[in-house]
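Novice: Build me a structure from this.
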Amino acid sequence: MPIPLRRPISSSLGTYTTVEGVVVSLRTVDGPDGVGFTMGLGGAWSRAVASYINDELAPLATGEDAMSPEAVWHRMWSPNKARMRAGLGVWALSAVDIAVWDAFGKAGGISLHRLLGGFRRHVPVYGSGGWHDLTDAELVSECEAFASKGITAYKYKIGSSRDIERTRLLREAMGGDFTLLADANQRFDVRGALEVAAMLADYGVAWIEEPVLADSVDDLADVAARSPVPTAAGENAYFGWGFREICERRAASYLQPDVARCGGVTEFRKIAALADTHLLALSSHLWHELSISLVGAAPSGWAAEYTELLPEGIFTRPFDVADGAIAVPDAPGHGVEFTDEAIERWAT
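Specialist: Presented below is the predicted three-dimensional model:
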């Protein structure tokens, strides 16, 4: 289902006008149904993921016990190891896994957040945007709009010829106590990343996100060891073992798993445990509607990424920010339900 964004957005990776998504509806025989999804900016990949779910994963999950999410996950993953090293196969697995956990929570009448530990009821968020196509006035206005909700941190894009000017502009507009976060979207090599990090440090920026190619943990660790600014990474990492390498190499101070692509709730909770064990801060990548339940369940949870990309009327309940945080849904399951109108309008 391609969903139009509220406005086109641009980063060093490209320009996007839509979010592609696949929604999974899980039917159980004697219990409640579950809903899962995977989503990503741009592209035309949703048909391939839907086909993989229907043809490969659904037959493996059919007849399994939804009250045993870990067992269902391994039932789907084990025969597909070769096709699930990363990429769209894992996105498909994530969507089904999210649906299984949703049904599991609903069957017990307990929220996913409490099921996973329920560490905090209100999860801090940071505002995310700062796209390359914003004018200077729009950049500051977006940051100020987030701040008006009580949000005290803002992530903006770097990797253009105006990185210094945009960073200086935000620091002067927001003052020294406001937290700025810079996202490079894998734009640099090690040398370039360190040069930019030095500039960011001059302006008190709190992290540099994905400064180098996500697949090269060696390069990320090199940057982390020499950068004056902490590193953040994980939106393009897969499974707990992918994050284990990042943790063991001390390649990032902030972990940012995407529940809709890292392997679902099953793997997100293992990544959260890694963050706890290695004394790292846990954040998330996109989809704050679900991510708040996961980040909020972990003692290492720092803040969830908050974006205003999707049009109104997608979900059955609001996920409003108050005093810089979002209240975790207390409904059974994960609490993220798509409206019938959204499914009917954008399903293809």
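
Novice: residues contacting Met174?
Specialist: Residues in contact with Met174 (CB atoms under 8 Å, 6 or more residues apart in numbering) are 143-144, 147, 154, 180. For every residue, glycine as well, the C-beta is placed using N, CA and C.

Novice: So for it, what's the pLDDT?
Specialist: Listed pLDDT for Met174 reads 98.

Novice: Next secondary structure after the biggest strand by length in the chain?
Specialist: Identified as the longest strand of the chain according to DSSP state E is strand 14-26. As assigned by DSSP states H and E, the chain's next helix or strand after strand 14-26 is strand 34-41.

Novice: Which members of the contacts of Met174 define the maximum pairwise distance?
Specialist: Farthest pair in the contacts of Met174 (CB to CB) is Glu144 and Leu180. Separation: 13.1 Å.

Novice: More neighbours: which of the two?
Specialist: More neighbours surround Leu180 than the other of Glu144 and Leu180, with 21 against 14 (other CB atoms under 10 Å).

Novice: is it true that that one lies in a helix?
Specialist: No: the assignment for Leu180 by DSSP: H, G, I helix; E, B strand; the rest coil gives strand, which leaves it out of any helix.

Novice: so what pLDDT did the closest residue to it other than its chain neighbours get?
Specialist: Take Leu180 and drop its neighbours on the chain: the residue closest to it by CB to CB, 6 or more residues apart in numbering is Val205, 4.8 Å away. Model confidence at Val205, given as pLDDT, is 98.

Novice: what's Val205 in contact with, if anything?
Specialist: Contacts of Val205 (CB under 8 Å, 6+ apart): 167, 180-182, 229.

Novice: and if you look at Gly130?
Specialist: Gly130 neighbours (CB under 8 Å, 6+ apart): 139, 142-143, 154-157, 166, 170, 183.

Novice: Which strand or helix spans Met76?
Specialist: Counting by DSSP H and E, the element that carries Met76 is helix 69-77.

Novice: Could you list the buried residues of that helix?
Specialist: 69, 72-73, 75-77 (16 or more other CB atoms under 10 Å).

Novice: what's that helix packed up against?
Specialist: helix 58-61, helix 88-108, helix 264-277 (3 or more CB pairs under 8 Å, 6 or more residues apart in numbering; DSSP states H and E).

Novice: closest one to Ser25 among the ones you listed?
Specialist: Once the helices and strands packed on helix 69-77 are compared by CB to CB, helix 88-108 is nearest, at 7.2 Å.

Novice: sorry, back to before: residues of the longest strand of the chain that come out buried?
Specialist: Residues of strand 14-26 classed as buried: 16, 18-24, 26 (neighbour count, 16+ other CB under 10 Å).

Novice: Just the closest of those to Asp320, please.
Specialist: Val19 (20.2 Å).

Novice: hang on, isn't the closest one packed against Leu41?
Specialist: Yes: using CB atoms under 8 Å, Val19 is in contact with Leu41, at 5.9 Å.

Novice: Who are the contact partners of Met84?
Specialist: Residues in contact with Met84 (CB under 8 Å, 6+ apart) are 77, 90, 93.

Novice: so the residue nearest the centre of the chain, which of the three states?
Specialist: Nearest to the mean C-alpha position of the chain, counting by CA atoms, centre = their mean, stands His285 at 1.8 Å. Under three-state DSSP, His285 falls in the coil class.

Novice: For the buried residues of helix 69-77, give me TSV that also has distance to Gly105 and pLDDT.
Specialist: Compiled in TSV, the buried residues of helix 69-77 are given as follows (distance: CB to CB, whole Å; pLDDT from 0 to 100):
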residue	distance to Gly105	pLDDT
Pro69	10	98
Val72	14	98
Trp73	15	98
Arg75	19	98
Met76	19	98
Trp77	21	97
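
Novice: Quick check: buried residues in stretch 240-258?
Specialist: Buried residues in stretch 240-258 (16+ other CB under 10 Å): 240, 242-244, 246-247, 251-258.

Novice: Mind listing residues that contact that stretch?
Specialist: Taking CB under 8 Å, 6+ apart as the rule, stretch 240-258 contacts 86, 207, 209, 217-218, 220-221, 224-225, 230-235, 237, 262-263, 267-268, 270-271, 274-275, 277-278, 280-287, 302, 305.

Novice: Output the below-cut-off pLDDT ranges for the stretch 201-348 of the chain.
Specialist: In the prediction, the stretch 201-348 of the chain carries residues with pLDDT under 70 at positions 348.

Novice: ranges for the strands of it?
Specialist: 207-209, 231-233, 254-255, 281-282, 304-306, 325-327 (DSSP state E, counting those that start in this stretch).

Novice: Could you list which residues are in contact with the closest residue to Gly129 other than its chain neighbours?
Specialist: The spatially closest residue to Gly129, leaving aside those adjacent along the chain, is Glu142, at 5.0 Å (CB to CB, 6+ apart). Contacts for Glu142 (CB under 8 Å, 6+ apart) come out as 127, 129-130, 134, 154.

Novice: Would you mind finding the most buried of the helices and strands packed on helix 69-77?
Specialist: Comparing these by mean neighbour count (mean count of other CB atoms under 10 Å), helix 88-108 comes out on top with a mean of 26.

Novice: still on that earlier bit, just curious, which of the contacts of Met84 is nearest to Pro32?
Specialist: Distances from Pro32 to these, taken by CB to CB, are shortest for Leu93, at 21.4 Å.
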